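A.B. asks: give me the fold of what follows.
(3 chains)
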Amino acid sequence: MPELPEVETTRRGIAPHVLGTAIEDILVRERRLRWPVPGKLRGALRGRCFDRIERRAKYLLFSAGPGCMILHLGMSGSLRVVTDNAAPGKHDHVDFVFASGRRLRFRDPRRFGSIHWTTADPAAHRLLKNLGPEPLGTGLTGDYLHARSRGRTQAVKNFIMDSRIVVGVGNIYASESLHAARIRPQRAAGRVSRADYERLADEIRAVLNAAIGKGGTTLRDFTSGVGEPGYFRTELRAYERAGEPCLACGARIRTIRLGQRSTFYCPNCQR
DNA sequence: ATGCGGACCTGTTAGC
DNA sequence: TGCTAACAGGTCCGCA
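C.D. replies: Predicted structure coming up:
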């Protein structure tokens, strides 16, 4: 489900409801996520407060006392703020019960998401330590992409979706930013010019920021932590528009498979 | 080091 | 209607 804008939208949506209220309990109904939910999570969090929620890549970092809960939504995960009397559904695997009478509910039908607990620096966690720069920070530049891509033969779309290169660019926004930058997704990363990478870096930022501004993209069932769908779907210019006219030139958008993922591009604009 | 395919899961939809 | 196959917003791991 979520790419960076959806994770960020979730973070902003839930923060006011989960910060500064005591965590009374954690109910784990299903611990078999991508990795097992740590048994020590309950003891570590009970009686404490979340005092900050940050995002690194698509991970949400919940600071609590001496440690940090690291949570990933995977492909189908969502976090929602619900009231105490809301009955859990089949895939509502974890509830964080707050003194305020609300709960933070983690749902994940496919169970590709995960929850971790660390008392060390979260940036040093094995899942975070090899991540590339944030796309909305200062680390993503045309020069950087250009330098990292020299000699690489893989498709530029796969290159920008590699979290060691840059984080947060998922399947939707990879197609969108390449379309905006007029770069064909299947081009070898090592053969993309510095000027093209300059545009691409700019467009990645622009697309992600625009999507955050619209509350993310709801394709099927994404909602923010408080139930609002994302409205960026109507702004998509390539993704899921196969056969429809390119909004820049009128040519028909094409779809191909790249790295087992659906990919959309304009054969005229993108070279 | 790089790049690829397989793996982890369930739900929905398209096609026969 | 029912069955099957393909596909879905992610990303880790192991192998060549």
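A.B. asks: strands of chain A, start to end?
C.D. replies: A:23-28, A:52-56, A:59-64, A:67-72, A:78-83, A:92-98, A:102-107, A:114-118, A:254-258, A:261-265 (DSSP state E).
A.B. asks: mind listing the helices for chain A?
C.D. replies: Secondary structure of chain A, counting by DSSP state H: helices at A:4-18, A:41-45, A:142-149, A:156-160, A:171-181, A:194-213.
A.B. asks: which stretch among the ones you listed comes nearest residue A:55?
C.D. replies: Nearest of the helices of chain A to residue A:55, taken as CB to CB: helix A:4-18 at 5.2 Å. No exception for glycine: its C-beta is placed from N, CA and C like everyone else's.
A.B. asks: does the closest one reach DNA strand C?
C.D. replies: Yes: counting by CB under 7 Å from any atom of the strand, DNA strand C has neighbours in helix A:4-18: residue A:6.
A.B. asks: helices or strands up against that helix?
C.D. replies: strand A:52-56, strand A:59-64, strand A:78-83, strand A:92-98, strand A:102-107, helix A:194-213 (3 or more CB pairs under 8 Å, 6 or more residues apart in numbering; DSSP states H and E).
A.B. asks: what are the buried residues along that helix?
C.D. replies: A:4-15, A:17-18 (16 or more other CB atoms under 10 Å).
A.B. asks: flag every residue of the stretch 151-271 of chain A that's near DNA strand C.
C.D. replies: Within the stretch 151-271 of chain A, the positions adjacent to DNA strand C are A:163, A:170-172, A:216-222, A:230, A:257, A:261-262 by CB under 7 Å from any atom of the strand.
A.B. asks: now the residues you listed: which count as buried?
C.D. replies: By 16+ other CB under 10 Å, these give A:163, A:170, A:171, A:172, A:216, A:217, A:218, A:219, A:222, A:230 as buried.
A.B. asks: minimum pLDDT in those residues, which residue is that?
C.D. replies: Ranked by pLDDT, these bottom out at residue A:222, which scores 76.
A.B. asks: which one is the residue in the stretch 51-200 of chain A that DNA strand C sits nearest to nearest to, not counting chain neighbours?
C.D. replies: Nearest to DNA strand C in the stretch 51-200 of chain A, going by CB to the nearest atom of the strand, is residue A:170, at a distance of 2.1 Å. In space, residue A:170 comes closest to residue A:3 once its chain neighbours are excluded; the distance is 3.5 Å by CB to CB, 6 or more residues apart in numbering.
A.B. asks: tally of neighbours for that neighbour?
C.D. replies: 21 (other CB atoms under 10 Å).
A.B. asks: up against DNA strand B, what does chain A have?
C.D. replies: A:32, A:34, A:76, A:90-91, A:109-112, A:151-155, A:158-159, A:189-190, A:259-260.
A.B. asks: show me the shaky parts of the stretch 51-200 of chain A.
C.D. replies: Scanning the stretch 51-200 of chain A for pLDDT under 70 picks out no residues.
A.B. asks: for the closest residue to residue A:81 other than its chain neighbours, give its distance to residue A:227.
C.D. replies: Residue nearest to residue A:81 in three dimensions, not counting chain neighbours: residue A:17, with 4.4 Å by CB to CB, 6+ apart. To residue A:227, residue A:17 is 12 Å away according to CB to CB, to the nearest Å.
A.B. asks: what touches both of these two?
C.D. replies: Both residue A:17 and residue A:227 lack any common contact, where contact means CB atoms under 8 Å, 6 or more residues apart in numbering.
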